[in-house]
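Let me see the structure of the following:
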Amino acid sequence: MLNSLRSMVCIIATLVLLPLCCGADPDTGIARSEPRNDKTANQPVNVTRQQVVDLSHTFDKQTIYWPTENGFRLIPEKAGITEKGYYYSSNRFMAAEHGGTHLDAPVHFNEKGKSVDRLPLQQLMGEAAVIDVTAACRQDPDYQISVADLRAWEEKTGRQLVDVIVLLNTGYAKYWPDRKKYLGTDQLGPEAVAELHFPGLDPEAARWLTEHRAIKAIGLDTASIDYGQSTRFQSHVTLFKHQIPAFENVADMSRLPISGSTVIALPMKIGGGSGGPLRIVAWLPSEDATSGSRKEP
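Just a heads-up that it's a prediction; the model follows:
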């Protein structure tokens, strides 16, 4: 009797868990990604053995902000030898939440969305899935990253965009801090917004990610997750409706592999903030950890 009961429990557990582990995706028919069993899975990052890439632009007088915003200001206050003989310096700074390398919190376009200080840390760190669209963006400054671009990553890696931080590499980081090349215009003020030209995420791709995949966050190396000519910012609205934060003005991603690097993106913890300056870094996978993994052809 006891053995029969144990067998029944095992069968029920298998029936419940099997669809979660390997069920087919309703959108693509591809089997859902199973937990990775290779030696890189669930292993702590060993910083001493891995290269660290800074994906943040410096905040200074050249930092690019939206045309309607004032730029970053560092205001010197004290710098020199004190009466007691030691050197001391301190400054103040002024900046909008959204400018330079920064995070957009869901509340930026969602009244009920999380503010920057309420985002779970687990959502801001994890494996990077780098979507390389540099070739397309060279041809079209108004390019919108599509579902096909996202699926191409899945085909190359044999995995789905699940439990990862998606980074869209448009190649535009190389233009920083040239406003004309980076934004499509070097003009300032409300009138300049209509002149913006840079790539972004297609709203249909944002919808697909939120409805058919399960990503932690998304970032790109342009000034907005929506392309420059957007007037309704639908990708923002869709992502933030699902509490997915966005990283904007990410620095050069060219050293990152399409998969396997570890990203940590920590914004300034502004209470109630709709966003904030972001320090984002990536650890490149060590050679021995990736020797058996699938490489980009």
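
what about stretch 200-219, start to end distance?
End-to-end distance for stretch 200-219: 10 Å, by CA to CA, to the nearest Å.

and what of stretch 226-240?
End-to-end span of stretch 226-240 (CA to CA): 12 Å.

For the closest residue to residue 62 other than its chain neighbours, grab the count of nearby residues.
Leaving aside its chain neighbours, residue 62 sits nearest to residue 177 (4.1 Å; criterion: CB to CB, 6 or more residues apart in numbering). Placement of C-beta: from N, CA and C, glycine included. As a burial measure, residue 177 scores 14 neighbours (other CB atoms under 10 Å).

now residue 146
Using other CB under 10 Å: residue 146 sits among 16 other residues.

that older thread, isn't the residue nearest to residue 62 up against residue 59?
No. Under the criterion of CB atoms under 8 Å, residue 177 is not in contact with residue 59, lying 11.0 Å apart.

Could you measure from the residue nearest to residue 62 over to residue 221?
As judged by CB to CB, to the nearest Å, residue 177 and residue 221 stand 13 Å apart.

Also residue 150?
Using CB to CB, residue 150 is found at 17 Å from residue 221.

The two: which is more packed in?
Per other CB under 10 Å, whichever of residue 150 and residue 221 has more neighbours is residue 221, with 30 against 24.

Tell me which residues touch that one, please.
Counting by CB atoms under 8 Å, 6 or more residues apart in numbering, residue 221 makes contact with 168, 169, 170, 171, 172, 173, 249, 250, 251, 252, 253.

go on, residue 124?
With contact set as CB under 8 Å, 6+ apart, residue 124 has these partners: 216, 217, 245, 264, 265, 266, 267.

quick revisit: any idea which of the contacts of residue 221 is the one closest to residue 227?
Lowest distance from residue 227 to those (CB to CB) belongs to residue 170, with 9.8 Å.

number of nearby residues for that closest one?
Counted with other CB under 10 Å, residue 170 comes out at 25.

Can you give me the pLDDT of it?
Note on residue 170: pLDDT of 98.

what do you get for the one 3 residues further on?
Listed pLDDT for residue 173 reads 98.

go on, residue 138?
For residue 138, the predicted pLDDT is 97.

Phi and psi next, for it.
Backbone geometry at residue 138, expressed as degrees, to the nearest 10, gives phi -70, psi -30.

Dead centre of this structure: give me the residue that sits there.
Closest to where the C-alpha atoms of the chain average out (CA atoms, centre = their mean) is residue 219, at 2.6 Å.

Torsion angles phi and psi at that one?
Note on residue 219: its backbone torsions stand at phi -150, psi 160 [degrees, to the nearest 10].

quick one, what contacts it?
Contact analysis of residue 219 by CB under 8 Å, 6+ apart lists 165, 166, 167, 168, 246, 247, 248, 250, 265, 280.

Reformat these into CSV and put neighbour count and distance to residue 120 next to each item.
Shown next, in CSV, are the contacts of residue 219 (neighbours: other CB atoms under 10 Å; distance: CB to CB, whole Å):
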residue, neighbour count, distance to residue 120
165, 27, 13
166, 25, 17
167, 26, 19
168, 27, 22
246, 27, 16
247, 28, 15
248, 24, 20
250, 27, 20
265, 28, 12
280, 26, 16
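
and of the residues you listed, the nearest to residue 198?
For those, the residue nearest residue 198 by CB to CB is residue 248; the value is 10.6 Å.

if I pick the closest one, what's in contact with it?
98, 101, 102, 103, 104, 219, 220, 222, 223, 224, 225.

Mind pulling up the pLDDT for it?
Residue 248 is assigned a predicted lDDT (pLDDT) of 98.

Tell me the bridge partners for it.
Beta bridges link residue 248 to residue 102, judged by DSSP bridges.

Can you give me the distance of it to residue 56?
Residue 248 sits 12 Å away from residue 56, taking CB to CB as the criterion.

Report the set of residues contacting both of those two.
Jointly contacting residue 248 and residue 56 under the rule CB under 8 Å, 6+ apart are residue 101.

This structure: strands as residue ranges?
For the chain, the strands defined by DSSP state E cover 52-54, 73-81, 87-94, 102-104, 125-132, 144-145, 165-169, 200-201, 217-220, 246-248, 262-267, 275-283.

Would you reformat those as CSV and include distance to residue 110?
Below are the strands of the chain laid out as CSV (distance: least, CB to CB, whole Å):
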stretch, distance to residue 110
strand 52-54, 30
strand 73-81, 29
strand 87-94, 27
strand 102-104, 10
strand 125-132, 22
strand 144-145, 21
strand 165-169, 19
strand 200-201, 16
strand 217-220, 15
strand 246-248, 12
strand 262-267, 17
strand 275-283, 12
